[in-house]
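>>> Show me the folded form of this:
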Amino acid sequence: MSARVRTAVFPVAGLGTRFLPATKVIPKEMIPVIDRPVVQYAVEEARAAGIERFVFVTADGKEAIANHFSHHPVLESLLAEKNKTAELKLVTDTTLPSGALQIVKQHEPLGLGHAVWCAWKIVGDEPFAVILPDDMVLSDTPCLKQLIDAHAKVGGHVVAVENVPREATNRYGILDIDTEQGRLSKAKGLVEKPAPDQAPSTLAIIGRYVLDPIVFKELDKRTTGAGGEIQLTDALNRSLASVPFHGYRFEGKRYDCGSRVGFLEANIAFGLADASMKARLLPIIDRLVADARKSS
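Numbers count the residues shown, from 1 in each chain. Sure thing, here's the model as predicted:
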């Protein structure tokens, strides 16, 4: 049986250039979907999966992320004095326990693999999760919990995967599949952003990982790959001789909040998933679609 997964790493050092000018002073991860920042959804998913330590790999100018998950005594006191109990609960529910939040600076944008490597000393020699907040997953069971449950059975590396259109394989890490059993696909290799005609499959890794700590030793070699960056998928590929690697076809729907259209789609989807908003949203969406068709 694999060791329990206690720690999640959140690579949040990116500049968010696709969302300028909004991200000029506000971290991309702090832009809200409905009523909470994108990164809060990721943390809530991790907490629901049993994660106890939250490691944010960040950069200068992103202090708002850590502040969001810390105590705010003045605000909390003011809400308590005004007997705004519902609002107070919203604030205190975002606060992580003392010692649970760890901040690591990535001083150079050297790739996802390098960002994960930056968390090595905190994670230590135990399996850990990686969550990319840009990928939001709407599901009955938290996506990360699905991975952790699968990891408890097979060990090694377990990543969330989904089939993508073949023309989109050059945007993802793609699995070279060996065997399949239910939702699990055992991989014999990985290819980072292959051209559609060279992709070994259309099974793409999304932003959820449960990894064996052996990956840190591979990342420590600082080998660069696609785009001249230290690629996490390359390090995983090199470790396949030592530990098994599985892709898990998760239950749920992923929304790519790293793009403007995906971000808008996530707002609509999560709004419709909220019973208190659905009845009001549906006629608005219908009206906007009808107006758009008339004007096109």
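>>> C-alpha only now, for contacts and for neighbours.
Will do.
>>> Leaving out the residues flanking it, which one is nearest to residue 127?
Closest residue to residue 127 in three dimensions, ignoring its sequence neighbours and counting by Cα to Cα, 6 or more residues apart in numbering: residue 212, at 4.6 Å.
>>> how near is that neighbour to residue 174?
Distance of residue 212 to residue 174, computed by Cα to Cα, to the nearest Å: 19 Å.
>>> out of these two, which sits in the more crowded spot?
Set side by side, residue 212 and residue 174 give different neighbour counts by other Cα atoms under 10 Å, the larger being at residue 174 (29 against 26).
>>> so where is this protein shaky, pLDDT-wise?
Where the chain drops to pLDDT under 70, the residues are 1-2, 226.
>>> what are the ranges of the helices in it?
Across the chain, reading from the start of the chain, the helices by DSSP state H fall at 38-48, 63-68, 73-81, 85-93, 112-117, 120-123, 143-154, 214-219, 232-238, 260-272, 275-295.
>>> ranking those by burial, who's on top?
Per-stretch averages of neighbours, counted by mean count of other Cα atoms under 10 Å, single out helix 112-117 among the helices of the chain, with a mean of 24.
>>> hmm, back to that, tell me the contacts of the residue nearest to residue 127?
Residue 212 makes contact with 126, 127, 128, 155, 156, 157, 243, according to Cα atoms under 8 Å, 6 or more residues apart in numbering.
>>> Give me the neighbour count for the last one.
For residue 243, the number of neighbouring residues by other Cα under 10 Å comes to 17.
>>> show me the contacts for it.
Listed by Cα under 8 Å, 6+ apart, the contact set of residue 243 reads 155, 156, 157, 212.
>>> now with 10 Å?
Neighbour list for residue 243: 154, 155, 156, 157, 211, 212, 214, 215, 236 [criterion: Cα atoms under 10 Å, 6 or more residues apart in numbering].
>>> got those residues as TSV, with distance to residue 80 columns?
Converted to TSV, the contacts of residue 243 look like this (distance: Cα to Cα, whole Å):
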residue	distance to residue 80
154	47
155	46
156	47
157	45
211	42
212	44
214	47
215	46
236	49
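>>> between those, which is nearest residue 97?
Comparing those against residue 97 with Cα to Cα places residue 211 closest, at 24.1 Å.
>>> how close does that closest one get to residue 138?
Taking Cα to Cα as the measure, residue 211 and residue 138 are separated by 22 Å.
>>> neighbour-wise, which of those two wins?
Taking other Cα under 10 Å, residue 211 and residue 138 do not tie; residue 211 has more neighbours (24 against 17).
>>> check contacts around that one.
Applying Cα under 10 Å, 6+ apart to residue 211 gives the contacts 5, 126-130, 148, 151, 155-159, 236, 243, 245.
>>> nearest to residue 22, of those residues?
Proximity to residue 22 was ranked across the contacts of residue 211 by Cα to Cα; first place goes to residue 130, at 25.7 Å.
>>> Count residues in the vicinity of the closest one, would you?
Using other Cα under 10 Å: residue 130 sits among 21 other residues.
>>> From what I see, it and residue 159 are in contact.
Yes: judged on Cα atoms under 10 Å, residue 130 makes contact with residue 159 at a distance of 9.3 Å.
>>> quick one: common contacting residues for these two?
What both residue 130 and residue 159 touch, as defined by Cα under 10 Å, 6+ apart, is the set 144, 207, 208, 209, 210, 211.
>>> which one among these gets closest to residue 64?
Within those, distances to residue 64 taken as Cα to Cα reach their minimum at residue 207, with 22.0 Å.
>>> how close does the closest one get to residue 288?
The gap separating residue 207 from residue 288 is 32 Å, by Cα to Cα.
>>> Repeat that for residue 69.
Using Cα to Cα, residue 69 is found at 36 Å from residue 288.
>>> Find the centremost residue of the protein, please.
Using Cα atoms, centre = their mean, the residue of the chain that lies closest to the mean C-alpha position is residue 132, 2.3 Å off.
>>> Which residue is the nearest non-sequential neighbour of that residue?
Leaving aside its chain neighbours, residue 132 sits nearest to residue 207 (4.7 Å; criterion: Cα to Cα, 6+ apart).
>>> And residue 239, by the same measure?
Nearest residue to residue 239, sequence neighbours excluded (Cα to Cα, 6+ apart): residue 215, at 6.5 Å.
>>> ok, the closest residue to residue 254 other than its chain neighbours - how many residues close by?
For residue 254, ignoring the flanking residues on the chain, the nearest one in space by Cα to Cα, 6+ apart is residue 137 at 4.4 Å. The burial count assigned to residue 137 is 26, neighbours taken as other Cα under 10 Å.
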